[in-house]
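In: Sequence and predicted structure, then a few things I'm wondering about:
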Amino acid sequence: MNQDTKNLIIRGFHQSFGDKQKDLRLFFAPGRVNLIGEHTDYNYGLVLPFAINLGTSLAIRPNGTDSFRFVSSGFKENGEVKINAAFEQHKQNWWKYPLGVIEIFRKMGHNLPGHDFYFYGDLPHSAGLSSSASIEMVTAIALNNILSAGFGNFQLVEIARKAENEFIGLNCGIMDMYAIGMGKPGKAIKLDCNSNDGQLVSIDFTGKAFMVSNTNRPRGLADSKYNERVAECKQGLALAAHHLKLQNLGQLTVNDLVSIKPFFKEQTIYNRLFHVASENERVREMVDALETADFKQIGVLLNASHLSLRNDYEVSCFELDVLTEEANKLSFTDGSRMTGAGFGGCTLSLIDDQAKNEFAAKVGEAYLRKTNRAADFYMVHPADGIHEININD
Ligand code: GLA
């Protein structure tokens, strides 16, 4: 983190809570994008995300009271919550994210005394770049270090996921937290969500750039639609497991699925499974393509993933489709797909590095014309996972 950003955060903290420097600590958690392997994590399949250079910082200090106070540069409302309160009643506010993590620590016997929290972030909210997981993970590393709880990063990943599943109520998989906890510069992580075994894959290509395009479309019913997909996969697994030896959909191959097609009365459920099985195969093929820097094939896989999410899994939307189609009209685009849960949010495109400005101008202009919305563009690169920042450096 550069000195200017650090000063900005410290100033924000002081303006919110007063300016004694003592005991102030600073932590950072990135966001993530997923290169490929979408809606496979909660099916115990394969994913290939990377931590990015945008994220959430947390300046935090004990306040000597029996309350937590929450301020964020990204939200207008501030929160104050008694340390022994029932946190449930705060579930409508943004500070439910740090509270969820504080709650899981509390259940494990690690009680945080009164602290002031100042969050500062440059991740767009609700855009599919895991801003919520980033807030949860920055809180998790802060509590771990402040309370000397002794958890390793993978345990913090599990704590943050628990907070999301049990406190927030979204049945998400492990991908977001894992990428944010374990990210490394220059690398994506091929994560097997059944064994939780992660392997680093180099994606640091000279002359290429990862461009994120934000639809700026509010995600609306995203959470309920997400939980609906989780339920449909469960239903599909129960049916498939009658005919095949399967514990989870991560083990399902496209060939096996095709062989039991006649048993599916609901085409929708079959399509959901077809996406999961084919997406898992695409993750493996993507790793091979990355290892040989085969940009043509990387592009083919990105585009195939998008079509599968659009047609079989039905989590894309008009705005995401326009962004990917417009991206693919440009000769310097290798491929493009929606990234994250879908129903709005962002796309990820691999493009020639020197064409960044042209990409944003051309895709942005066509997107505005077709959707009446302005898109935002961010260059992202694979960056470090959660860490503490020395405030005195
Ligand atoms: C969200 C969830 C992840 C994953 C993706 C879809 O980001 O939090 O666990 O399921 O959607 O791949």
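Out: Nice, I can see it.
In: tell me, what residue is most central in this structure?
Out: residue 130 (3.2 Å; CA atoms, centre = their mean).
In: tell me which element the closest residue to that one other than its chain neighbours is part of?
Out: Distances taken as CB to CB, 6 or more residues apart in numbering put residue 176 closest to residue 130, at 4.2 Å, once the chain neighbours are dropped. For glycine as for every other residue, the C-beta is placed from the backbone atoms N, C-alpha and C. Using DSSP states H and E, residue 176 maps to helix 175-182.
In: tell me what that helix is packed against?
Out: If you count contacts as 3 or more CB pairs under 8 Å, 6 or more residues apart in numbering; DSSP states H and E, helix 175-182 packs onto strand 25-34, strand 49-62, helix 131-146, helix 153-162, strand 187-192.
In: For residue 349, give me the backbone phi and psi.
Out: Here is the backbone geometry of residue 349 (degrees, to the nearest 10): phi -130, psi 140.
In: Quick check: the residue nearest to residue 130 touching residue 129?
Out: No - using CB atoms under 8 Å, residue 176 makes no contact with residue 129, being 9.3 Å away.
In: quick one, what contacts the residue nearest to the centre of the chain?
Out: Contacts for residue 130 (CB atoms under 8 Å, 6 or more residues apart in numbering) come out as 31, 32, 123, 176, 179, 180, 340.
In: So the residue of the chain most remote from its centre: helix, strand or coil?
Out: Counting by CA atoms, centre = their mean, the extreme residue of the chain relative to its mean C-alpha position is residue 262, 35.9 Å from that point. Under the three-state scheme (DSSP: H, G, I helix; E, B strand; the rest coil), residue 262 adopts helix.
In: How much space separates it from residue 273?
Out: Applying CB to CB, to the nearest Å, the value for residue 262 to residue 273 is 14 Å.
In: Would you mind listing what in the stretch 1-150 of the chain touches the ligand?
Out: Contacts of the stretch 1-150 of the chain with the ligand, taken as CB under 6 Å from any ligand atom, map to 34, 38, 39, 41, 42.
In: How about residue 79: which residues does it bridge to?
Out: On DSSP bridges, the residues paired with residue 79 through beta bridges are residue 70.
In: Enumerate every residue touching it.
Out: 68, 69, 70, 90, 93, 94, 95.
In: do that again at 7 Å, thanks
Out: 70, 90, 93, 95 (CB atoms under 7 Å, 6 or more residues apart in numbering).
In: Strands - which of those land there?
Out: Counted as lying in strands by DSSP state E, out of the contacts of residue 79, are residue 70.
In: For the lengthiest helix in the chain, name the packing helices and strands.
Out: Criterion DSSP state H: the longest helix present in the chain is helix 267-291. Contacts defined by 3 or more CB pairs under 7 Å, 6 or more residues apart in numbering; DSSP states H and E place helix 267-291 against strand 46-47, helix 222-243, helix 254-259, helix 295-311.
In: Following the chain onward from the last one, which element is next?
Out: By that I understand helix 295-311. Of the helices and strands lying after helix 295-311 in sequence (DSSP H and E), the nearest is helix 318-328.
In: which is the next helix or strand following that following helix?
Out: The helix or strand immediately downstream of helix 318-328 is strand 333-339, counting by DSSP H and E.
In: Parallel or antiparallel, which strands does that following strand pair with?
Out: By DSSP bridges, strand 333-339 pairs with strand 346-352 (antiparallel).
In: Next SSE downstream of the strand it pairs with?
Out: By DSSP H and E, the next helix or strand past strand 346-352 is helix 356-371.
In: for the record, mean pLDDT for that following helix?
Out: Helix 356-371 carries an average pLDDT of 98.
In: what sits up against it?
Out: 209, 211, 213, 318-319, 322-323, 326-327, 330, 351, 373-375, 377, 379.
In: Can you say which of these are buried?
Out: 209, 211, 213, 319, 322-323, 326-327, 330, 351, 375, 377, 379 (16 or more other CB atoms under 10 Å).
In: Most widely separated two among those residues?
Out: Using CB to CB, the two most remote members of the buried ones among the contacts of helix 356-371 are 209 and 319, lying 22.0 Å apart.
In: Residue 285: neighbour count?
Out: If you count neighbours by other CB atoms under 10 Å, residue 285 ends up with 17.
In: Next one: the nearest residue to it once chain neighbours are set aside, what pLDDT does it get?
Out: Excluding its sequence neighbours, the residue lying closest to residue 285 (CB to CB, 6+ apart) is residue 301, at 5.9 Å. For residue 301, the model assigns a pLDDT of 98.
In: residue in the stretch 201-350 of the chain nearest to the ligand?
Out: At 3.5 Å from the ligand, residue 341 is the closest residue in the stretch 201-350 of the chain, using CB to the nearest ligand atom.
In: what about residue 334, how many neighbours?
Out: Neighbourhood size, residue 334 [other CB under 10 Å]: 21.
In: I'd say it and residue 299 touch.
Out: Yes - the criterion here is CB atoms under 7 Å, and residue 334 meets it with residue 299 at 3.5 Å.
In: Distance from stretch 153-168 to the middle of the chain?
Out: Mean-position distance between stretch 153-168 and its chain equals 13 Å (CA atoms, centre = their mean, to the nearest Å).
In: Now do the residue nearest to the centre of the chain against residue 113, distance only.
Out: 29 Å.
In: Residue 17 too?
Out: As judged by CB to CB, residue 17 and residue 113 stand 15 Å apart.
In: what does residue 107 give?
Out: Note on residue 107: its distance to residue 113, by CB to CB, is 17 Å.
In: So which of these two has more stuff around it?
Out: residue 113 (14 against 11).
In: ok, now which ones touch the closest residue to that one other than its chain neighbours?
Out: In space, and not counting its chain neighbours, residue 113 is closest to residue 62: 6.2 Å by CB to CB, 6+ apart. Residue 62 is in contact with 23, 113, 114, 115, counting by CB under 7 Å, 6+ apart.
In: Nice, that's everything, thank you.
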